[in-house]
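Engineer: Sequence first, predicted model second:
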Amino acid sequence: MAYVDEEIASQPESWQRAVELAATAAGSLPRPGERVAVVGCGTSWFMAMAYAGLREAAGQGETDAFAGSEFPLTRAYDRIVAITRSGTTTEILELIDRTSVPVTAIVGDPESPAVTAADETVLLPWADEKSVVQTRFATSALALFRAHLGFDLTAAISDARRTVADELPLDPAAIEQVTFVGRGWTVGLAQEAALKCREAAAFWTEAYPAMDFRHGPISISAPGRAVWAFGEVPPGLDADVAKTGATFVHSPNDPMADLILAQRFAVALARHKGLDPDSPRNLTRSVILEP
């Protein structure tokens, strides 16, 4: 068993801990009405996208998401929330150093430089991971944010307990390509699902907002390929995908629990291709750039 298998399977318990942490960490997280930027790199950026969509939809205030390297330093915010599993990513540390905006860092490693660099820190050491491929830390951070926004995650955690063992909706040996789609906050989940397949298995995946999928990307859909939708599905999308001959995948589960299935699918793809999902090619646990 790879590290990533254990980390994926532990997510329901990790989310429960994140829910409990949300109550005690509330003073360090964005307050209603604050103008907030959420930043991260790779997986953490996609969780930032999901949180930004949820927070704005909940009426908590303007919330933007940026890759750490693309944050507009001239734009005014009340708070920056930085998501960083390792706490060592170059772009995030440089941003914290350069901005005058108060920064709250969500960090997995309590011994990392981000802990002392940020103005406030919320630690998730129990969600940190050994695998290069992020799974548990990312979804636990998102569970923390959802709980802080007032969402009841009881059903999501129940769904997660099932999806860690459910049958996969696609056969890794019989699928050529998958496009992941979402709406609102689940666009970030779609992006993350696609990244997992690229990272773990060097597999051809793409991700788009579900409504935009028909504006061009649907042209790659065909027999032997799939479209996997998170959350709300636009009317008629399943029928349009069926016309292409591609398989349409959609679950009634909480979208974050559905992401667990996508994580497991990525790992299964890696094994089918004879790859080590814990050690993706060309990747390291943290991107630390030379000065």
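Structural biologist: Received the coordinates, thanks.
Engineer: could you dump stretch 175-190 to CSV, C-alpha only?
Structural biologist: The C-alpha trace of stretch 175-190 is given here as CSV (Å, rounded to 0.1, in the frame of the first residue of the first chain):
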residue,chain,number,x,y,z
ILE,A,175,-10.5,4.9,-20.7
GLU,A,176,-8.4,7.1,-22.9
GLN,A,177,-9.2,10.6,-21.6
VAL,A,178,-11.3,12.4,-19.0
THR,A,179,-12.6,16.0,-18.8
PHE,A,180,-13.7,17.2,-15.4
VAL,A,181,-16.3,20.0,-15.1
GLY,A,182,-17.9,21.9,-12.3
ARG,A,183,-20.0,25.0,-11.5
GLY,A,184,-19.4,27.7,-8.9
TRP,A,185,-17.1,26.4,-6.2
THR,A,186,-16.8,22.9,-7.8
VAL,A,187,-14.8,24.4,-10.7
GLY,A,188,-11.9,24.2,-8.3
LEU,A,189,-12.7,20.6,-7.5
ALA,A,190,-12.7,19.8,-11.3
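Engineer: for it, which positions count as buried?
Structural biologist: By neighbour count with 16 or more other C-beta atoms under 10 Å, stretch 175-190 contains the buried residues 175, 177-190. Bear in mind the C-beta positions are built from the backbone N, C-alpha and C, glycine included.
Engineer: which one among those residues gets closest to residue 63?
Structural biologist: residue 185 (10.5 Å; C-beta to C-beta).
Engineer: pLDDT score for the closest one?
Structural biologist: As predicted, residue 185 sits at a pLDDT of 98.
Engineer: pretty sure it contacts residue 47?
Structural biologist: No: in terms of C-beta atoms under 8 Å, residue 185 does not count as a neighbour of residue 47; the distance is 10.1 Å.
Engineer: And the helices in the stretch 101-250 of the chain?
Structural biologist: Using DSSP state H, counting those that start in this stretch, the helices found in the stretch 101-250 of the chain span residues 113-117, 136-148, 154-163, 186-201, 237-244.
Engineer: quick one, what contacts residue 29?
Structural biologist: Listed by C-beta atoms under 8 Å, 6 or more residues apart in numbering, the contact set of residue 29 reads 22, 81, 104, 122, 144-145, 148.
Engineer: try 7 Å this time
Structural biologist: 104, 122, 148 (C-beta atoms under 7 Å, 6 or more residues apart in numbering).
Engineer: Report how many residues lie close to the second one.
Structural biologist: Around residue 122 there are 23 other residues, counting by other C-beta atoms under 10 Å.
Engineer: swap in the first one?
Structural biologist: For residue 104, the neighbour count with other C-beta under 10 Å is 22.
Engineer: again with the last one
Structural biologist: Counted with other C-beta under 10 Å, residues neighbouring residue 148 total 23.
Engineer: separation between it and residue 80?
Structural biologist: Distance, residue 148 to residue 80, by C-beta to C-beta, to the nearest Å: 16 Å.
Engineer: Hmm, residue 237 is touching residue 210, no?
Structural biologist: Yes: in this structure, residue 237 is within contact of residue 210 by C-beta atoms under 7 Å, at 6.2 Å.
Engineer: mind giving me a markdown table with the helices of the stretch 101-250 of the chain and columns for distance to residue 219?
Structural biologist: As requested, those are exported to a markdown table (distance: least, C-beta to C-beta, whole Å):
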| stretch | distance to residue 219 |
| --- | --- |
| helix 113-117 | 42 |
| helix 136-148 | 31 |
| helix 154-163 | 31 |
| helix 186-201 | 17 |
| helix 237-244 | 9 |
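Engineer: so which of the ones you listed gets nearest residue 274?
Structural biologist: Nearest to residue 274 among the helices of the stretch 101-250 of the chain is helix 186-201; the distance by C-beta to C-beta comes to 10.1 Å.
Engineer: residues in contact with that closest one?
Structural biologist: Against helix 186-201 from outside (C-beta under 7 Å, 6+ apart): 42-43, 46-47, 49-50, 53, 133, 138, 178, 180-182, 203, 205-207, 209, 228, 230-231, 255-256, 259, 262-263, 266-267, 269-270, 273, 275, 277, 280, 283.
Engineer: got the angle between that helix and helix 136-148?
Structural biologist: If you take axes from the mean of the first three to the mean of the last three C-alpha atoms, to 10 degrees, helix 186-201 sits at 170 degrees to helix 136-148.
Engineer: can you give me the offset of helix 186-201 from its chain's centre?
Structural biologist: Distance of helix 186-201 from its chain centroid, counting by C-alpha atoms, centre = their mean, to the nearest Å, is 8 Å.
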